[in-house]
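[1] Fold the following and give me the result.
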Amino acid sequence: MKTVLLLVTILLTASFNLHAQVTTTHGKWKLIHARATQTKASVRITIQQPLQGEVVSGPDVTVQFAIQNWQPEKNGRHLHFILDNEPFLQHYSRDPFVFHNVQPGAHVIRVFPVHPWHESVKQEKVLAFVKFYVKEKRGSFDVDSSRPMMVYSTPVGDHDSNERCPDSHIRAS
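    Numbers count the residues shown, from 1 in each chain. Next up, the predicted model:
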């Protein structure tokens, strides 16, 4: 896995202009992010509700979160919320976020801050996630929190690959 990530970084570096060299350490891995925009303040996000392993009544799921050093604003900085492996949904405030009509069973929510152009903030500990259930404790989760995690964010849909740099976020175990 380490070789694959390094290869992706080298290929991206060769294919795109760098905005800045940003490195993050994830356990024993040190990643150099190609085409990363530096974020000077240390951004932190946590999910307060639902709790890990909680059974919520649904079908709507309200996500309460706290974020430090990142102010979401309309048509600017914002957050990407991902339920399971669905495309991200954008959120432009610090108010709770609501997923509507969530099916019963096991689910995973991921959230992370992004720049206005949908590039995720490249820092350690800016990806928050929670595993929970809707209505009943059944099914399995698609995330093993004991292992490193890569969350693909953009692009979504059909795009000219020469004009878009793929964006993802890495989290160590």
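
[2] Distance of the nearest residue to residue 116 once chain neighbours are set aside relative to residue 114?
    Nearest residue to residue 116, sequence neighbours excluded (CB to CB, 6 or more residues apart in numbering): residue 76, at 4.9 Å. To be clear about C-beta, it is placed using only N, CA and C from the backbone, and glycine gets the same treatment. Distance from residue 76 to residue 114, counting by CB to CB, to the nearest Å: 10 Å.

[3] rewinding a little: where does the residue nearest to residue 116 fall, helix, sheet strand or coil?
    The three-state label given to residue 76 by DSSP: H, G, I helix; E, B strand; the rest coil is coil.

[4] swap in residue 118?
    Applying three-state DSSP: residue 118 is coil.

[5] Do a quick rundown of the strands in the protein.
    22-26, 29-33, 44-49, 55-56, 61-68, 78-83, 89-91, 97-99, 105-114, 128-134, 149-154, 167-171 (DSSP state E).

[6] what's the shortest one in contact with?
    With CB atoms under 8 Å, 6 or more residues apart in numbering as the contact definition, strand 55-56 has outside contacts at 50, 132-137.

[7] re the thing from before, ok, residue 76 and residue 114, which is more surrounded?
    Neighbour comparison, residue 76 and residue 114: the larger count goes to residue 114, with 22 against 10 (by other CB atoms under 10 Å).

[8] Now for the more buried one: which residues touch it?
    77-80, 120-121, 153.

[9] just residue 137 next, same as before
    residue 55.

[10] pLDDT weak spots in this protein?
    For the chain, applying pLDDT under 70 flags the ranges 1-38, 147-173.

[11] 90 instead?
    1-43, 74-76, 85, 87-88, 114-127, 129, 140-173 (pLDDT under 90).

[12] Report the buried members of the contacts of strand 55-56.
    50, 132-134 (16 or more other CB atoms under 10 Å).

[13] Distance to residue 39 for these - can I get that in CSV?
    Below are the buried ones among the contacts of strand 55-56 laid out as CSV (distance: CB to CB, whole Å):
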residue, distance to residue 39
50, 27
132, 29
133, 34
134, 33
